[in-house]
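K.L.:
here's a sequence, model it:
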Amino acid sequence: MKTKMVRYAPDNLPLLTKAQRTRLKALAARPDSEIDISDIPEMTDEQWKDANRGHFYRPCRTLR
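P.N.:
Here you go, the predicted structure:
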């Protein structure tokens, strides 16, 4: 069975449905204390040991 690859560019994303917009507004209104993060493991010092800040950052070239 073949699956179809779907790709979107940032400038032509599909519009959100009314239900999706409503759900996002409800999530944004929730205080951080109500968000359950118990299933997300904490990063240890060992995992942060080799971290590099901005490794994938590439500044935009300005057109003149």
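
K.L.:
quick check: which ranges of this protein have low pLDDT?
P.N.:
Across the chain, the ranges flagged by pLDDT under 70 are 63-64.

K.L.:
may I ask you to name the longest helix in it?
P.N.:
helix 18-29 (DSSP state H).

K.L.:
now the next helix or strand after that one: how far from the chain's centre is it?
P.N.:
Sequence order places helix 45-48 as the next helix or strand after helix 18-29, per DSSP states H and E. Relative to its parent chain, helix 45-48 has a centroid offset of 22 Å by C-alpha atoms, centre = their mean, to the nearest Å.

K.L.:
which other residues reach the longest helix of the chain?
P.N.:
Applying C-beta atoms under 8 Å, 6 or more residues apart in numbering, the contact partners of helix 18-29 are L16. In short, each C-beta sits where N, CA and C put it, glycine included.

K.L.:
kindly report the same for stretch 42-57.
P.N.:
So stretch 42-57 is contacted by nothing (C-beta under 8 Å, 6+ apart).

K.L.:
can you give me the first-to-last residue distance of it?
P.N.:
With C-alpha to C-alpha, to the nearest Å as the measure, stretch 42-57 spans 24 Å from end to end.

K.L.:
kindly report the same for stretch 2-20.
P.N.:
Using C-alpha to C-alpha, the two ends of stretch 2-20 sit 29 Å apart.

K.L.:
start at 13 instead
P.N.:
Okay, residue one is now 13; in that scheme the one you just asked about reads as stretch 14-32.

K.L.:
tell me how far that stretch lies from the chain's centre.
P.N.:
Per C-alpha atoms, centre = their mean, the displacement of stretch 14-32 from the mean C-alpha position of its chain is 15 Å.
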